[in-house]
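A.B. asks: Below: sequence and its predicted model.
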Amino acid sequence: MAGRSVINKRPQLPNARPVFPFTAIVGQEEMKLALLLNVIAPLVGGVLVMGHRGTAKSTAVRALASLLPPLKAVRDCDYNCDPSDNNSLCDDCLARLEATGKLKSEPRAVPVVELPLGATEDRVCGTIDLGRALREGIKVFEPGLLARANRGFLYIDEVNLLEDHLVDLLLDVAATSRNRVEREGVSAEHPSRFVLVGSGNPEEGELRPQLLDRFGLSVEVETVQDLDSRVFIVERRAAFDSDPLKFLDAHRDEQERLRGRVLKAARSFPKVEVPRSLLRSIAELCIRLGVDGHRGEITIARAARALAAFEGRRKATAEDVRRVAAMSLRHRLRRDPLEQSGGGARVQTAVEELFGGSGEKGSDGERKTADERGVAKNPGGDQSENSEARPGGRMKSGENDNQKNVDARRGPRLDGGNTVAPTDEVRLKQNLPAEKADMKLRAGRVSQTARRANSRSTSYARRGRHVGAASAEAVTRAIAPDATLRAAVQGHVGRMNDSKGLALRIAPEDLRYKRFRAKTGALFIFLIDTSGSMAANRIGQAKGALAQLLRRSYVNRDRVSLISFRKREATLLLAPSASASLAHKLLDELPVGGATPLAAGLMRALNISRRASIERARRTNLVVFTDGRANVPLAESLTKDGAALKNQIRDEIRRIGATLRGAGVTSLVIDTQNRFTSNGEGQFLAETLGGRYAQLPQLISESELL
């Protein structure tokens, strides 16, 4: 243990809570298969599950862990070390083994660690135990969540909202199976081998492509839309809630059969082979789909071997590849950032072209049933997290893309008025100045490199990567233990008679506070005029220009908000979100018609910017698409005189514009009005907002539409 920090011991608590059985979860077959393949072959690399909330994601992880037999772990070890595997022991277990020649073991349930969205780096990796440092005067390493997850599952809900540096860290540990900590004056290393499962709703934001590629498999889940199936789901959940033990007993035989198959498959996996001819086909598939790097074919080969082992075979077949290809590659394909559909269909098409006809066949050519593949066909599932089921038959998947209503998060449905066809995405290469298209909306002219650097770490934040300490509270009150202890040691001599039994006494002036840097990005509020004065062709071109700006925001990892205004009000279509694809989807079929309440739209944008200002270091940029012909006042007018009404509207816009400028909001006005008929309304708005001005291009030919 020389040169290493002492490990703080904590008791291991048993988990006796009834868990919904894995074989009773109905539907979501792809997700269940992906989880099973990772248990059989952890080198597959984890699972990313994207889709709607309440679709049995976390339930499936807990259920699979409860399906597995208890671990044999070293007694009193914080890391669940395997006493039969000397190569993966922690330093403390190695020291005990050298001293006594053997390690005592105890059974433990397979751990399932859920990572909170607000978890900090020291909570995840481990940090110094400040209590023991004060009482005993020694550096003691307190293990974090990665220690608890060893030989189990690490589940991250809303992984797409997790800090990027934490996702990087977790993926690195998952790939190496070791957690190395060099921070806050402590040095420690311990085993951390787990199945990483991340889940999230893509409408709330997306992972960077570099992070997506690090997940072995990616599956998509959807909410059941069939009425009878949803009723049945509620009934099944009620049966489990009313008598969990009875429900578990009813599925005991299925659980035992599946457990046996998984354990047997894990033992036989190293002996399963992939013929060279099949490896060539896998590589050709990745080439056809333009997959970057080589993780794609490596993952397919491992997943196909795991599937073959699960089905009791010693050689992977083309059918195995067909069944795992989509989940192995869909998240690795290049795609338009505004495209909402996943890459599963593209993968499946390429698979059919390369391998021929479809159909799930084993090595004997026979079509396999769901039960033969070990995927439960018995209707049931954790009904608090929706699963797909239909009494007495197969369930039909809902067509969520055809859903017309906008959910509560997006705002109310826009009814009435004319409807514009889906967004006309136009190339603005000559008509819109390059600096406008590139979204250089920050004050002053800065280089691309400086702009990117500033958008990522312009100032200290409440969360992010720990980069230092300060003697005064700044953004955060989080104490930096290492810096605090060093300061206390320096002043310890003068306090020795006042230590009150402590090895070290810390005075208020010794406190040091953590400083964090985070990739802050920027917030872009897109305010679009959908009033009657916006002719159909102009609104189409405006939406096309906006689509290009959304692509830029995706590249820069900025957040976007979308507001439309028409008739007498402004509607928040999308609260600040990292999902450029959702913003683009909401643009399609926007109704057009009615008056132009420009002041209401600006006021709504001001409210959004005020809420965003609570997050320090997040700059707000306002992009307004309008012809500027405001004709509805914010406050009810008592006059019918046209000139007086116009003056009232202009005064309101001036006041709101001054407030936006005072709040540091940078603005760009894109004038949708024909320059030959314009009376300068757009230029007036840009001057009022203290922003920049650009005109939407003239009519654009169909050949230029994207």
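C.D. replies: Structure received. Numbers count the residues shown, from 1 in each chain.
A.B. asks: drop to CA atoms for contacts and neighbour counts, all remaining ones
C.D. replies: Fine.
A.B. asks: who's in contact with P107?
C.D. replies: Going by Cα atoms under 8 Å, 6 or more residues apart in numbering, P107 touches 70-73.
A.B. asks: out of everything not next to it in sequence, what's closest to it?
C.D. replies: Nearest in space to P107, with sequence neighbours left out and distances taken as Cα to Cα, 6 or more residues apart in numbering, is K72 at 4.7 Å.
A.B. asks: wait, isn't the one you found in contact with V110?
C.D. replies: No - counting by Cα atoms under 8 Å, K72 stays clear of V110, with 9.6 Å between them.
A.B. asks: out of the two, which sits in the more crowded spot?
C.D. replies: Applying other Cα atoms under 10 Å to K72 and V110 shows that V110 carries more neighbours, namely 23 against 18.
A.B. asks: how much space between that one and F194?
C.D. replies: The gap separating V110 from F194 is 10 Å, by Cα to Cα, to the nearest Å.
A.B. asks: picking that back up, identify those among the contacts of P107 that sit within helices.
C.D. replies: Among these, none falls in helices (DSSP state H).
A.B. asks: can those go into JSON lines with extra columns for pLDDT and distance to N607?
C.D. replies: Formatted as JSON lines, these follow (pLDDT from 0 to 100; distance: Cα to Cα, whole Å):
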{"residue": "P70", "pLDDT": "90", "distance to N607": "54"}
{"residue": "L71", "pLDDT": "88", "distance to N607": "54"}
{"residue": "K72", "pLDDT": "91", "distance to N607": "57"}
{"residue": "A73", "pLDDT": "91", "distance to N607": "55"}
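A.B. asks: which among those gets closest to R288?
C.D. replies: L71 (42.8 Å; Cα to Cα).
A.B. asks: sorry, back to before: okay, and the common contacts of V110 and F194?
C.D. replies: 151-153.
A.B. asks: So which of those is the closest to L590?
C.D. replies: Of the shared contacts of V110 and F194, the one sitting nearest to L590 (Cα to Cα) turns out to be F153, at 43.8 Å.
A.B. asks: give me the number of residues near that closest one?
C.D. replies: Applying other Cα under 10 Å, I find that F153 has 25 neighbouring residues.
A.B. asks: for it, helix, strand, or coil?
C.D. replies: strand (DSSP: H, G, I helix; E, B strand; the rest coil).
A.B. asks: per-residue confidence for it?
C.D. replies: At F153, the model reports a pLDDT of 89.
A.B. asks: now swap in the one 5 residues further on and tell me
C.D. replies: Per-residue confidence at E158 stands at 84 (pLDDT).
A.B. asks: Enumerate every residue touching it.
C.D. replies: 117, 198-201.
A.B. asks: A686: which of those is nearest?
C.D. replies: Each of the contacts of E158 was checked against A686 using Cα to Cα; the closest is N201, at 36.6 Å.
A.B. asks: Was I right to think the closest one contacts H52?
C.D. replies: Yes - if you go by Cα under 8 Å, N201 and H52 touch, sitting 5.8 Å apart.
A.B. asks: Touching the helix or strand M31 falls within from outside, list them.
C.D. replies: With secondary structure defined by DSSP states H and E, M31 is part of helix 29-40. Helix 29-40 has contacts (Cα under 8 Å, 6+ apart) with 44-47, 49, 60-61, 64, 195, 217, 219-221, 262-263, 265-266, 269, 303, 306-307, 310, 327, 375.
A.B. asks: now that helix: mean pLDDT?
C.D. replies: Mean pLDDT, computed over helix 29-40, is 93.
A.B. asks: avg pLDDT for the next helix or strand after it?
C.D. replies: For helix 29-40, the succeeding helix or strand toward the C-terminus, using DSSP H and E, is strand 47-51. For strand 47-51, the mean pLDDT works out to 90.
A.B. asks: Give me the angle between the helix or strand just after strand 47-51 and strand 47-51.
C.D. replies: Per DSSP H and E, the first helix or strand lying C-terminal to strand 47-51 is helix 57-67. On the basis of axes from the mean of the first three to the mean of the last three Cα atoms, to 10 degrees, helix 57-67 is oriented at 140 degrees to strand 47-51.
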